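Student: Structure, please.
(one chain, ligands or ions: 1)
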Amino acid sequence: MEKFELEESLKEEIRAGVLGDGFMKIVQSVRRGGEQFKIAIRPVEIGGERRYQAEMNDAGQVSVKNFDADGIADGLEELIAQKGARDLHLMTAKGDLHIRVTKKGRALVSRSAEMNRSVELRPHDRVKNLPLTAFDSGAFLKAASLADGEGRVRASMRGKYDQVNEFLKVVADVLKGFSLREGETFTVVDCGCGKAYLTVALYLYLTQVAGLKSVRVYGVDRRADVIAAARRMADVLDLSGRVEFVESDLAAFEPPNESRRADMVVSLHACDTATDEALAKGVEWKARYILSAPCCQHELQKTLADKGAFAGLMRQSILRERLCDILTDSFRAMIMRILGFKTQVVEFVSSEATARNIMLKCEFCVKPGQSGPVAEYLNLRDYWHVTPWLESRLEGMLKRHLERFL
Ligand SMILES: C[S@@+](CC[C@H](N)C(=O)[O-])C[C@H]1O[C@@H](n2cnc3c(N)ncnc32)[C@H](O)[C@@H]1O
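Tutor: You can find the predicted model right below:
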């Protein structure tokens, strides 16, 4: 037996523990030249199947990979064959095994008393109602810097954490009863993804909680720095190829699949007319679901500068801004309705968290061009003598519906 090598009976005990039903977690820490290399493996349920999640911490650099049973068996042999002084802790339903390998290569072994712990592979078993606790989100929260090294949500990121949770609740709500047919892939585009908190959380939620087996998510943003940061996060979480980030203006982006279609389009606080662009793209890509939380909106303010009886209101910049926000979102909701989307305007987070707490929740499921919604739209539009940006953008599609009433 070589120095540092474990006895065959110990190796067998570790293999049986990790690959058996009662496996809970194995952690090995190796000290190497003053630095620490740590690997923690635990079973997780992904898409209804048993998988193994390995979190590697190499002198502070954290990365996470998911493995199937074959992959973990290979990884386990590497872990067992590790050289040098190290600590290993194996937890199973039956109890704990501790092995400390000293610098001289001696293995000091201790075991807990026999236990009968229950092991449930349920990703839903922690805090109820919060989507980010409905699956194993620890690695994501750390990689996105939403949580610290101990897995606690950072106080400074609590707002973002809440926002992503609330967004995911809306996703869960619209997807109730939805399922993919065999062989289908669910394509999502996050327009103006920024640092991709939502993009990545959405992928993990759809695959690990909503039970969609094949999901492809594209995060699009015109800023090179946020796309680089988002790609690093996808690498750390081993999501490359499933969650892709594209540096592009929204107007120039098309889903790189054969049909040029997306099933779901989301945008969270994409600036000004980028929200309209996201809605327009969702319509063009024939998305069934479009979820969009608008941000600042300046477009209408420019054209509503002087409005007769409203002149006193318009003089106050805060009131003018709020009125333009309400009108812009009303026009958006009405246009989406005309184009066949059942559209609800909801408050997806509390107004204390952000004043930008409105979301347009659209599902393509009604007959386009119905007279009621068209008449309502034209009345409001003509009252204000404006042409909303979204109408101009989708002119080709809206024209035939509006013309019938003009
Ligand atoms: C306020 S951030 C929101 C980021 C992210 N959705 C979130 O909520 O964390 C808005 C993002 O939209 C991007 N954006 C705005 N207009 C865009 C456009 N026309 N094309 C692509 N990205 C755009 C910006 O670069 C920015 O990263």
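Student: What helices and strands are in contact with the host helix or strand of Val30?
Tutor: Per DSSP states H and E: Val30 is located in strand 23-32. With contacts defined as 3 or more C-beta pairs under 8 Å, 6 or more residues apart in numbering; DSSP states H and E, the packing partners of strand 23-32 are helix 8-19, strand 35-46, helix 69-80, strand 86-92. Heads up, the C-betas are built off the backbone N, CA and C, glycines and all.
Student: do you know which of these lies nearest the ligand?
Tutor: The ligand sits nearest to strand 35-46 of all those, at 24.7 Å, using C-beta to the nearest ligand atom.
Student: And for the closest one, what's in contact with it?
Tutor: Applying C-beta atoms under 8 Å, 6 or more residues apart in numbering, the external contacts of strand 35-46 come out as 18, 23-30, 50-59, 66, 72, 75-76, 79, 119, 121-123, 136, 207-208.
Student: PyMOL command for the buried members of those residues?
Tutor: This is how PyMOL selects the buried members of the contacts of strand 35-46, with burial counted by 16 or more other C-beta atoms under 10 Å:
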select buried, resi 18+23+24+26+27+28+30+51+52+53+54+55+57+66+72+75+76+79+123+136+207+208
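Student: sorry, back to before: run through who's touching the strand holding Val30.
Tutor: 14, 17-18, 36-43, 76, 79, 82, 84-93, 117, 119.
Student: number of nearby residues for Pro256?
Tutor: 11 (other C-beta atoms under 10 Å).
Student: now stretch 5-23: how far from the chain's centre is it?
Tutor: Taking C-alpha atoms, centre = their mean, to the nearest Å, one finds the center of stretch 5-23 at 36 Å from the center of the full chain.
Student: likewise stretch 256-273?
Tutor: In terms of C-alpha atoms, centre = their mean, the centre of stretch 256-273 is found 14 Å from the chain centre.
Student: Could you list the buried residues of it?
Tutor: Within stretch 256-273, the residues that qualify as buried are 262-270, 273, counting by 16+ other C-beta under 10 Å.
Student: Columns pLDDT on top of those, output as CSV?
Tutor: Shown next, in CSV, are the buried residues of stretch 256-273 (pLDDT from 0 to 100):
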residue, pLDDT
Ala262, 96
Asp263, 97
Met264, 98
Val265, 98
Val266, 97
Ser267, 96
Leu268, 94
His269, 90
Ala270, 88
Thr273, 86
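Student: Which of the residues you listed fall within strands?
Tutor: Secondary structure assignment by DSSP state E places 264-268 of the buried residues of stretch 256-273 in strands.
Student: PyMOL command for the buried members of the contacts of strand 23-32?
Tutor: Buried members of the contacts of strand 23-32 can be picked out in PyMOL with the line below, counting by 16+ other C-beta under 10 Å:
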select buried, resi 14+17+18+37+38+39+40+41+42+43+76+79+82+85+86+88+90+91+92
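Student: How about residues contacting the longest helix along the chain?
Tutor: Among the elements of type helix in the chain, defined by DSSP state H, the one spanning the most residues is helix 317-338. If you take C-beta under 8 Å, 6+ apart as the criterion, helix 317-338 is touched by 275-276, 279, 283, 290, 294, 297, 299-301, 304, 310, 313-314, 343, 345, 358, 360, 362, 366, 368-370, 373-374, 376-377, 380-381, 384, 386, 388, 390-391, 394, 398, 401-402.
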